[in-house]
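Visitor: what follows is a predicted structure for the sequence shown.
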Amino acid sequence: MGRETPKQQQVSYTVEQLVAVNPYNPDILPDLENYVNEQVSSQTYSLDANLCLLRLYQFEPERMSPQIVARILVKALMAMPAPDFSLCLFLIPERVQMEEQFKTLIVLSHYLETGRFRQFWDEAAKSRHIVEAVPGFEQAIQTYAIRVLSLTYQKIPRPVLAEAINIEGLSLDKFLEHQAANSGWILEKGHGRGQLIVLPRNEFNHPELKKSAADTVPLEHITRIFPILG
Amino acid sequence: MAANYDYEEAPGTYDDANRQDLGYDPNFVPDSVKSFVVHLYRHIREKNVYEIHQMYEISFQTLSDRLFKDTPWPSVDAVAHYVDNDQVFCLLYREMWFRHLYARLSPTLKQRIDSWDNYCCLFQVVLHRVVNMQLPNQWLWDMVDEFVYQFQSFCQYRAKMKNKTEQEIALLRQFDQAWNVYGVLNYLQAFVEKSNIIQILEQEKEGGEQFTATDGYDYSGGSNVLKVLGYFSMVGLLRVHCLLGDYQTGLKCLLPIDISQQGVYTSVIGSHIATIYHYGFANLMMRRYVEAIREFNKILLYIYKTKQYHQKSPQYEQILKKNEQMYALLAICLSLCPQAKLVDETVNSQLREKYGEKMARMQRYDDEAFAIYDELFSYACPKFITPSAPSFEEPLVNYNQDAYRLQLKLFLYEVKQQQLLSGVRTFLKVYSTISLGKLANYMEVDESTLRSILFTYKHKTHAVDSDGKIISNADLDFYIDDDMIHVVESKPVKRYGDYFLRQIVKLEGVITDMDRVKLE
């Protein structure tokens, strides 16, 4: 399309607009592909733009780039717990999903969906070439892991945490200090079993905090009886 | 007189249809048909929406049943001179002609292509010319609905390459723009944009516009056609995206329509059902089970109460079919995400009757369970399509099932991931606290596996909704303290607030009645 490298900001604005206004247009395919690469390098993410591209690949399979699709899937994995990864898979033909790199990504997704963190990190280590191509991958998955732990545990033993986020030893000590200082984590001594980490309280690991939605009455319902009360 | 005319070279004639039905003369116009087109034409010119609706809904059906049970209607060329050769009327007539053909007969490839051409002409007229008509919502909905249906039908037809004749392949190559996925999507999108319907709906919320209040009809002398086609096209886009497997975008297309309220989409039963069916299905595939259950419950209750009024309608069979499919989808949702309070008693008893036993077996998550999930999904799912053109070079194969197989496979994959959850639920129901070690023992897994199962339970029951918030749909929950699991059961909370509101209103009613008695 003869466009010179525009400013970063300008390109994203234009692509998002394209997706919103003129998504069913084969001409925007190169822009969308560039946008995927930009998401990878600038650590941003746009599901809608990526779905738009996968759709265009569906309409014209001969234009599909497996490398771009792999990058989209890695970005989708990083968006967990959102179901973006499966939303992308719905649009990728079965025979493409049978290719080696996609089978690996599907296995990685499976491990994350079923809380098998140790297996995930083992497999990810074997597939460095896929996951290291996308900066921010490790942190994104660690964030997801911590999220799941926060839903589940009030107090978590150190080894369980270590396994989930794939950090050990001194690095883990540093990490815990940082979380204690900034995210309200509390480090305790467990009975004979080493460290216990107290995670921040939320309504999912502390049920007493759960706002009983059943008993709240929306304002609109009360307004119905204002004439009577008045 | 021989009915087997030779129409091989005559342009715009339905030679294939003729070969199909010896004894069908496309040029023969019975008096009742002449009368039909003359009156319909007049009513359209005079904008008598009620009469148009009666003729469209009832007369057309009656004549079809009586005279054209298994033949097409007379060709448009034969009736054109009764209606001043009016271009727009002829396009509308042809649209009905093709719809009748698809419903009663099997269209040939040439007919499919001709139907596409007709839609293009008709849509171009509506989009680019000032159309001064008011048509009933039923008709406008049927146009969009049929357009998407014929697209789906074409994709299915085209994907069955194995037994195609050379003639058919030649036609497919020649008319490669017919029912092209870009064309279909862009027409629907064009309607949405050109009609400005999204802005109209926005402004209506602030009181600036009148649309829903008038059921989409224009009482200031204008036309409702573009606006209402734009509105229904949003549902059309949802449907097409579901057929492609893009649930996220499909739901986005529907966003301007507020399905928690009545609207133009509820003014036509077919549109109401299609909207909720696809909305629910898309939510199911996105794992938003609670949302799907809520909407399926509402519509199934609505159909239960109102289907008797549609018994004579031509849509009755479709209504019943979709009803059954949505019960199947509801059974799937509730098996994956048990919810005690979301389903109305009437719907629940129907559900138990139809799928009670199957649901019990689905929740066992054994091999038999997967077979049932497969069965229900396959029965109730949309007819997924492969939108790309076939390759004519390879050995010709049938690939019309590919899209469906992919969606089914990914769905069952998700079901499989939830397999171990039912086991853990059984134990959580029984204990208020239990150590990880003990539970691992009972479930015959090691502690590490048990932790994974518990993480899975938490992950799968805490979905992220469309606003990014975490919503727990677990009726049974827990938390872990070091190595102790504490089970939390959400007790059914008495809805005091609602109860008092109802009683206050009731008492007020009683007092008002008593006051009235005194006055008399």
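Guide: Arrived safely. Numbering: from 1, shown residues only, chains lettered A, B, ... in the order given.

Visitor: if you skip the residues just before and after it, what's nearest to the residue nearest the centre of chain A?
Guide: Geometric centre of chain A, nearest residue: residue A:79, 1.5 Å, by C-alpha atoms, centre = their mean. Nearest residue to residue A:79, sequence neighbours excluded (C-beta to C-beta, 6 or more residues apart in numbering or on different chains): residue A:45, at 6.3 Å. C-betas here are computed from N, CA, C, even on glycine.

Visitor: what do you get for residue B:442?
Guide: Counting by C-beta to C-beta, 6+ apart, the residue nearest residue B:442 is residue B:427, at 6.3 Å.

Visitor: beta partners for the residue lying closest to residue B:470 once chain neighbours are set aside?
Guide: Spatial nearest neighbour of residue B:470, chain neighbours left out: residue B:462 (5.3 Å); criterion: C-beta to C-beta, 6+ apart. Counting by DSSP bridges, residue B:462 forms beta bridges with residue B:472.

Visitor: from residue A:95, how far off is residue B:462?
Guide: 34 Å (C-beta to C-beta, to the nearest Å).

Visitor: one step back: so the residue nearest to the centre of chain A touches residue A:46, yeah?
Guide: No. Between residue A:79 and residue A:46 there is no contact under C-beta atoms under 8 Å: 10.4 Å.

Visitor: tally of neighbours for residue A:202?
Guide: Residue A:202 is flanked by 13 other residues according to other C-beta atoms under 10 Å in any protein chain shown.

Visitor: list the contacts of it.
Guide: Neighbour list for residue A:202: A:150, A:151, A:209 [criterion: C-beta atoms under 8 Å, 6 or more residues apart in numbering or on different chains].

Visitor: just the CA atoms of stretch B:364-375, as PDB, please.
Guide: Coordinates of each C-alpha in stretch B:364-375 appear next as PDB, following Å, rounded to 0.1, in the frame of the first residue of the first chain:
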ATOM      1  CA  ARG B 364     -20.800 -38.600  35.200                       C
ATOM      2  CA  TYR B 365     -18.200 -37.600  32.600                       C
ATOM      3  CA  ASP B 366     -17.500 -41.100  31.400                       C
ATOM      4  CA  ASP B 367     -17.300 -42.200  27.800                       C
ATOM      5  CA  GLU B 368     -21.000 -42.400  27.600                       C
ATOM      6  CA  ALA B 369     -21.200 -38.800  28.800                       C
ATOM      7  CA  PHE B 370     -19.100 -37.600  26.000                       C
ATOM      8  CA  ALA B 371     -21.200 -39.400  23.500                       C
ATOM      9  CA  ILE B 372     -24.300 -37.500  24.900                       C
ATOM     10  CA  TYR B 373     -22.500 -34.200  24.800                       C
ATOM     11  CA  ASP B 374     -21.600 -35.000  21.200                       C
ATOM     12  CA  GLU B 375     -25.200 -35.900  20.400                       C
END
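
Visitor: on the three-state scheme, the residue in chain B that chain A sits nearest to is what?
Guide: For chain B, the residue closest to chain A is residue B:455, as judged by C-beta to the nearest C-beta, at 2.6 Å. Secondary structure for residue B:455, judged by DSSP: H, G, I helix; E, B strand; the rest coil, is helix.

Visitor: just say helix, strand or coil for the nearest residue to it once chain neighbours are set aside.
Guide: With C-beta to C-beta, 6+ apart as the measure, residue A:115 is the residue that lies nearest to residue B:455, at 2.6 Å, once sequence neighbours are left out. Assigned with three-state DSSP, residue A:115 falls in the coil class.

Visitor: residue A:115 reaches residue B:459, doesn't it?
Guide: Yes. Counting by C-beta under 8 Å, residue A:115 does reach residue B:459; the two are 6.4 Å apart.

Visitor: between the two, who's got more neighbours?
Guide: residue A:115 (24 against 21).
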